[in-house]
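In: Sharing a model prediction with you, sequence too.
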Amino acid sequence: MPAYVVNAEDLKARYMRDAIETASPAVRLTMIFDRLVLDLRMADQGFENGDLKQVSDSLIHAQEVLLTLRTTLRADEWEAGPRLAALYDFLHRELVAANMGKDRQRAAGVADMVAKLSGAWHQAAETVAAGPLEVAGGVG
């Protein structure tokens, strides 16, 4: 019978997989945005250190995250959906241009917008987790 060796990286990967699979959709979305924010921070760190590979790798991953957000968005199911889809498309184009031109300011502009979006999604997730809202007259 073969012996199974479990290392810290395997345990971490399993923990992350389990955390993602058991998270609510709202929490999953905030996790995705947390990763997007991290990618953009790592890209900025790469700019700071002159590490163009880190810049490129981080911006490419951020682009992939935005494409995932865009392709999984059901824009036709809510009023603001088409505007959010357009925003994701814009952010993706900006990151492509920032990466092609190694433009730190452009990437920073995207990072600022993503940070605001992330904050809004985190707030929305907390609201959902808190339960039904009470409205005037106690009807919820």
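Out: That came through fine.
In: Pull out the buried residues from the longest helix belonging to the chain.
Out: With secondary structure taken from DSSP state H, the chain has its longest helix at helix 104-130. For helix 104-130, burial by neighbour count (16 or more other CB atoms under 10 Å) applies to Arg104, Arg106, Ala107, Val110, Ala111, Val114, Leu117, Ser118, Trp121, His122, Ala125. To be clear about C-beta, it is placed using only N, CA and C from the backbone, and glycine gets the same treatment.
In: and Val37, backbone torsions?
Out: Phi and psi for Val37, reported as degrees, to the nearest 10, are phi -60, psi -40.
In: which residue packs closest to the most centrally placed residue in the chain, ignoring adjacent ones?
Out: Taking CA atoms, centre = their mean, the centroid of the chain lies closest to Phe33, which sits 2.3 Å from it. Sequence neighbours aside, Ser118 is the residue nearest to Phe33 in space, at 4.0 Å (criterion: CB to CB, 6 or more residues apart in numbering).
In: Equivalent analysis for Ala111, please.
Out: Distances taken as CB to CB, 6+ apart place Leu40 nearest to Ala111, at 4.0 Å, with adjacent residues excluded.
In: do the same with Asp89
Out: In this structure, Asp89 finds its nearest non-sequential neighbour in Arg70, 6.3 Å apart by CB to CB, 6+ apart.
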